[in-house]
Every structure is written in structure tokens, then in C-alpha cells.
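Student: any chance you could fold what I've pasted below:
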Amino acid sequence: MAVLGIGPGYQSGAGVILGTMIWFAGPMPVLLIFLPTTIVAGTVGVWLFYVQHQFEETHWANGDDWQLHDAALAGSSHYILPQPLRWLSANIGVHHVHTCTAASRSIACRKSCATMTNLHRHSG
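Tutor: Below you'll find the model as predicted:
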């Protein structure tokens, strides 16, 4: 059974990696370093996802009304982060541009977004 849409191959791989870490480093470094770091990173990721997709003018559509570009551009915010966080998050603040074309790299998203002035109307 897949957990959160993650297939059994991924789960097996994660288990092997975690088991290898415990084998070589022991259980205490994993419990004291790896586990807290993973929990903090996961919490930040969930928070960023929530903030980017829940705002007053969020676009919601189902079934035949759903369109990729409408959902990408109106269903995700342009989240302006301080420069160090832009780099650390691979420019996740311009996630809506990446959603339009998944092949976009983070640097291309930033450059594309800079040329689209209509995306800046809510950025203050």
C-alpha cells in the first residue's frame, strides 16, 4: 500500500538508506540529528505549501472547469522570500511558473517571472 501517493519502491529505498545510516552511525546520531532535521524540513515544506495555495483569491475548479494554466497561475501565489531563502528553497516562491511547465528550472522561473509584470500586482 502506498503512503501519501509514494510507491513501495520509494519506501523500500528510504528504509534501506535509513537502515544503512543506523548501521554505520548508530541509532543515536539518527535520532538526535537526522530525525529532528527531517521533522523541521517537513514542517517548513508543509507550511510553504499551505501559504502558497491558501489565500483570498485562490482559484478552485473541478472536472471540466479545471485548466492547467488557470490552476497554476491563479491557484498558487507569488511568494516573495528574502534572498537567502530564495536560494535555499530553489525559488519556490515562483512555484506557479514551474507548475505551468514542469521542465522549468528554478533560475528560469525567476527570470520568467521577472518579465511578467501582471504577476507582480499583489506583491506590494
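Student: all strands for this protein, in order.
Tutor: With DSSP state E as the criterion, the chain has no strands.
Student: please parse this protein into its domains.
Tutor: With automatic domain parsing serving as the domain definition, the record reports that the chain contains domains spanning 9-54, 67-124.
Student: distance to W60, mean neighbour count and mean pLDDT for the ones you listed - can I get that in CSV?
Tutor: Every residue, glycine included, has its C-beta placed from N, CA and C. Shown next, in CSV, are those (distance: least, C-beta to C-beta, whole Å; neighbours: other C-beta atoms under 10 Å; pLDDT from 0 to 100):
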stretch, distance to W60, mean neighbour count, mean pLDDT
domain 9-54, 10, 12, 88
domain 67-124, 7, 15, 67
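Student: now tabulate these in TSV and tack on distance to A61.
Tutor: Shown next, in TSV, are the domains of the chain (distance: least, C-beta to C-beta, whole Å):
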stretch	distance to A61
domain 9-54	13
domain 67-124	7
